[in-house]
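1. Structure of the sequence below:
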Amino acid sequence: MWSETGYLKLVRASGLYDLLITAAFVTPWSFRLLHAALGDLHGQLGLAGTLPAFGPVQMMMANLMGSIVCVWAWLRIRHAQQRLGRYDAAGRVLFACWQGYALSQGATALISPILALEVLWAVAQLWPVRSARA
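-> Alright, predicted model coming up:
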């Protein structure tokens, strides 16, 4: 069971994690660099699945996702609240569902560690919080 203070630290930490993980998605230029690096890593590891090229529409979707996740992350870092942690956990459950679906459809296995972290963050943020009044 989390203490209220511990839970707010967790919410901030999850925001920092998201900011670091998704910052490269925010612009087409940074995402191109990230995509090339992930493609190289995928090849070096000999992983199953594919890392497809990104056209303008896919790039826009990646940039939109990166932008909104970074804004959401900054909100949690600056204004951590239990309510925001619970909403973030719900978002992580959704992200994990779509990452699992992508893996089932042949996406690169590079998604697997991120999927595992999404599930761990979701579980941590859904864990009960002990009220300071108790």
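
2. contacts and neighbour counts: CA atoms only from here.
-> OK.

3. pLDDT wise, what is the spatially most central residue of the chain at?
-> Central residue of the chain (C-alpha atoms, centre = their mean): Asp18, 5.3 Å from the mean position. Asp18 carries a pLDDT value of 98.

4. Which strand or helix spans it?
-> helix 4-22 (DSSP states H and E).

5. buried set for the very next helix or strand once past that helix?
-> Next along the chain after helix 4-22, taking DSSP H and E as the criterion, comes helix 28-45. Across helix 28-45, burial judged by 16 or more other C-alpha atoms under 10 Å covers Phe31, Arg32, His35, Gly39, His42.

6. Dump the residues you listed into JSON lines; add distance to Ser104 and pLDDT as well.
-> Listed next are the buried residues of helix 28-45 as JSON lines, based on distance: C-alpha to C-alpha, whole Å; pLDDT from 0 to 100:
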{"residue": "Phe31", "distance to Ser104": "24", "pLDDT": "97"}
{"residue": "Arg32", "distance to Ser104": "25", "pLDDT": "96"}
{"residue": "His35", "distance to Ser104": "21", "pLDDT": "95"}
{"residue": "Gly39", "distance to Ser104": "19", "pLDDT": "93"}
{"residue": "His42", "distance to Ser104": "17", "pLDDT": "93"}
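
7. With distance to Leu126 as extra columns, can I get those in TSV?
-> What follows is the buried residues of helix 28-45, written out as TSV (distance: C-alpha to C-alpha, whole Å):
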residue	distance to Leu126
Phe31	31
Arg32	34
His35	32
Gly39	34
His42	32
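
8. What is the neighbour count of Arg78?
-> Other residues lying near Arg78 total 10 when counted by other C-alpha atoms under 10 Å.

9. Kind regards, and thank you for your time.
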